[in-house]
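1. Return atomic coordinates for the entry below.
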Amino acid sequence: MDQILAGIGETIGGIIGSPIVQLGLRMIAIYLIVIWIASAYWAFRDIQQRSDNAILPYLVAAGIIVFTPVFFIFAVWVYKIIRPHEKIGEVWERNLAEEALLAEVEAIRHCPACERRVNEEWIICPSCRTRLNRVCPNCSRLVGLDWSLCAWCGKDFERRDAVAAATAMEPLGAGLEPTGRIGVSSPETIVDGSPVPAGVTTSVRSSGQARRSGSRPANAQDPLPER
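-> Numbers count the residues shown, from 1 in each chain. Predicted coordinates for the structure are as follows:
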């Protein structure tokens, strides 16, 4: 029995000691070492793409190196379990997609009163009848309610029409009646450059005629009666 075992041992030893088997074992050892170092480098580069921490990649690579070429595969499994699931670039892309979607939703115009979707060319909301836009009186194009002037033709919405009409009207001479009225609630007449209500126009005109003729009206009283 001992001879049989000794023969088996010598045979195995001869096989292992052969140059071809020795070369194969060396190649396997070199391959494991290369995979071991490559795994540490892969983990180093992978964690750099998933974390902003500058020290964490070195710690991960050192952890795989510590496990030696024999047990480094377990270190790689543990790293793949605890590593962040998203890369920094993927997080940025997701944030950009969310911001673009939010901007697209905000670009859709809604009614300020009922929050329903409305068209940009609508003047009044058909649901709640809220005023949305107005029409420029000069160029008939839609303008915003908060615009102070028209962006298309330059019409100033804050300009007073009464001021513009008063500026365009020529001054009247003394004793001449006006040919138009400027935004007054009751008719009036201008005599000697001053506006006079319509009820007292007749008396004022008679007083003016009496002064020009050198006589006094019949109903006028003498301020200094004779004694």
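
2. So which residues make contact with stretch 49-65?
-> Stretch 49-65 is contacted by residues 36-37, 39-41, 43-45, 47-48, 72, 75-76, 79, 83-84, 86-89 when judged by C-beta atoms under 8 Å, 6 or more residues apart in numbering. C-beta: built from backbone N, CA, C; applies to glycine.

3. all helices of this structure, in order?
-> For the chain, the helices defined by DSSP state H cover 2-17, 19-48, 56-66, 68-82, 88-107, 161-168, 201-213.

4. Any idea which of the ones you listed has the lowest pLDDT on average?
-> Mean pLDDT per stretch puts helix 201-213 lowest among the helices of the chain, at a mean of 45.

5. Can you select the buried ones from the contacts of stretch 49-65 in ChimeraX?
-> Buried members of the contacts of stretch 49-65 can be picked out in ChimeraX with the line below, counting by 16 or more other C-beta atoms under 10 Å:
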select :36,39,40,43,44,47,48,72,75,76,79
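
6. tell me, how many neighbours does Ala61 end up with?
-> 20 (other C-beta atoms under 10 Å).

7. cool, and Ala151?
-> 12.

8. For it, give its distance to Gly144.
-> From Ala151 across to Gly144, the span is 9 Å (C-beta to C-beta, to the nearest Å).

9. now do Leu32
-> 73 Å.

10. more crowded one of these two?
-> Applying other C-beta under 10 Å to Leu32 and Gly144 shows that Leu32 carries more neighbours, namely 15 against 11.

11. Which residue, other than its chain neighbours, is closest to the more buried one?
-> Excluding the flanking residues, the one nearest Leu32 by C-beta to C-beta, 6 or more residues apart in numbering is Pro69, at 4.5 Å.

12. What is the burial count for that neighbour?
-> Going by other C-beta under 10 Å, the residues that sit close to Pro69 add up to 17.

13. That one: what's it in contact with?
-> Ala29, Leu32, Ile33, Ile35, Trp36.

14. I'd like the domain boundaries of the chain, if you could list them.
-> 2-89, 108-164 (automatic domain parsing).

15. Now render the ones you listed as JSON lines, adding distance to Leu102.
-> Output for the domains of the chain, formatted as JSON lines (distance: least, C-beta to C-beta, whole Å):
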{"stretch": "domain 2-89", "distance to Leu102": "20"}
{"stretch": "domain 108-164", "distance to Leu102": "11"}
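
16. so which of those domains comes closest to Leu96?
-> In terms of C-beta to C-beta, the element of those nearest to Leu96 is domain 2-89, at 10.5 Å.

17. picking up where we left off before, looking at the contacts of Pro69, which is nearest Cys125?
-> Distances from Cys125 to the contacts of Pro69, taken by C-beta to C-beta, are shortest for Ile35, at 68.6 Å.

18. For the closest one, give its distance to Cys128.
-> 70 Å.

19. Neighbour count for the two, which is higher?
-> For Ile35 versus Cys128, neighbours defined as other C-beta under 10 Å are more numerous around Ile35 (15 against 12).

20. Now do the more buried one against Arg26, distance only.
-> The value you get for Ile35 to Arg26, if C-beta to C-beta is used, is 15 Å.

21. And for Glu99?
-> Per C-beta to C-beta, Glu99 is found 57 Å from Arg26.
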